[in-house]
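Peer 1: 3D model of this:
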Amino acid sequence: MSILVHPSYFPSIAQMIAMVQADRVVFEMEDNYQKQTYRNRAHIAHANGLLLLNVPVKHSKNKDRQKTKDVEVEGNFQWQLQHWKSLQSAYRTSPFFEYYEDELAPLFHEPVTGLMDHNMAIFEIICELLGADIPYDLTTKYDKETPLKDLRYLIASKKEKVFPLESYTQVHQKNHGFLPNLSVLDLLFNEGPNALNYLESQQLEF
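Peer 2: Residues are numbered from 1 along each chain as shown. Prediction:
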């Protein structure tokens with residue numbers, strides 16, 4: 001099965017399940033940018049519960065819609081450092097944070113300009129850490145209708161679909177219970193090398 005998805009900021013577990021289980025992934029590169037989606041945000045489990053990591057972006061001054069591939073990241077304050085400190089605080093006691101932190105650290109310390117480029121770089125590193133070989137292509141024009149399995153809706157962070165995901169042990173679970181469908185980072189830090197097996201074994205209806 002070939003699927004169509006948006007590049008996202010540290011993809012959700014559901015999106016990673018879809019991509020790992022697909023025969024071929026096609027990334028939407030020609031869409032118009034929309035606010036408050038997983039294009040520039042991700043959820044993690046923190047000691048106080050759900051925590052949103054949000055990438056600040058520069059919004060176009062033109063009235064015309066701005067394509068996601070043209071969106072630039074705001075560089076006037078240290079959002080990368082804030083995100084990295086949040087991850088360290090949230091997951092330093094998880095079983096596998098130290099196992100992956102050296103590979104992930106450059107994403108939070110090297111300068112970022114384009115949101116889309118950053119999301120694709122994240123995807124490449126996540127696949128490497130998972131040990132997942134996910135072939136992909138990029139769209140060259142926007143099509144509202146597609147012959148592919150259209151999973152672009154997974155980018156929505158409001159009114160998102162609830163998936164029956166199996167629970168796994170989360171580092172802060174005693175404080176606030178199991179939090180489903182967080183960023184794949186949560187799965188990596190808690191499950192480590194077993195994360196790919198988890199993604200491959202989930203049976204979801206998309």
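
Peer 1: okay, CA-based contacts and neighbour counts for the rest of this
Peer 2: Will do.

Peer 1: Just the helices from the protein, written as ranges.
Peer 2: Taking DSSP state H, the helices of the chain run over residues 13-21, 79-91, 97-104, 106-109, 115-130, 173-176, 184-191, 195-201.

Peer 1: Out of the ones you listed, which is closest to residue 165?
Peer 2: Comparing the helices of the chain by their distance to residue 165 (CA to CA), the top pick is helix 13-21, with 8.2 Å.

Peer 1: so that closest one versus helix 184-191, what angle?
Peer 2: Calculated by axes from the mean of the first three to the mean of the last three CA atoms, to 10 degrees, helix 13-21 forms an angle of 80 degrees with helix 184-191.

Peer 1: what would the helices of the chain look like in JSON lines with distance to residue 57 and mean pLDDT?
Peer 2: Conversion of those to JSON lines gives the following (distance: least, CA to CA, whole Å; pLDDT from 0 to 100):
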{"stretch": "helix 13-21", "distance to residue 57": "22", "mean pLDDT": "98"}
{"stretch": "helix 79-91", "distance to residue 57": "11", "mean pLDDT": "97"}
{"stretch": "helix 97-104", "distance to residue 57": "21", "mean pLDDT": "97"}
{"stretch": "helix 106-109", "distance to residue 57": "16", "mean pLDDT": "96"}
{"stretch": "helix 115-130", "distance to residue 57": "8", "mean pLDDT": "98"}
{"stretch": "helix 173-176", "distance to residue 57": "31", "mean pLDDT": "90"}
{"stretch": "helix 184-191", "distance to residue 57": "22", "mean pLDDT": "98"}
{"stretch": "helix 195-201", "distance to residue 57": "30", "mean pLDDT": "98"}
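
Peer 1: mind putting those helices in JSON lines, mean neighbour count and distance to residue 144 included?
Peer 2: Below are the helices of the chain laid out as JSON lines (neighbours: other CA atoms under 10 Å; distance: least, CA to CA, whole Å):
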{"stretch": "helix 13-21", "mean neighbour count": "22", "distance to residue 144": "20"}
{"stretch": "helix 79-91", "mean neighbour count": "17", "distance to residue 144": "33"}
{"stretch": "helix 97-104", "mean neighbour count": "15", "distance to residue 144": "34"}
{"stretch": "helix 106-109", "mean neighbour count": "14", "distance to residue 144": "32"}
{"stretch": "helix 115-130", "mean neighbour count": "18", "distance to residue 144": "20"}
{"stretch": "helix 173-176", "mean neighbour count": "12", "distance to residue 144": "40"}
{"stretch": "helix 184-191", "mean neighbour count": "24", "distance to residue 144": "28"}
{"stretch": "helix 195-201", "mean neighbour count": "17", "distance to residue 144": "28"}
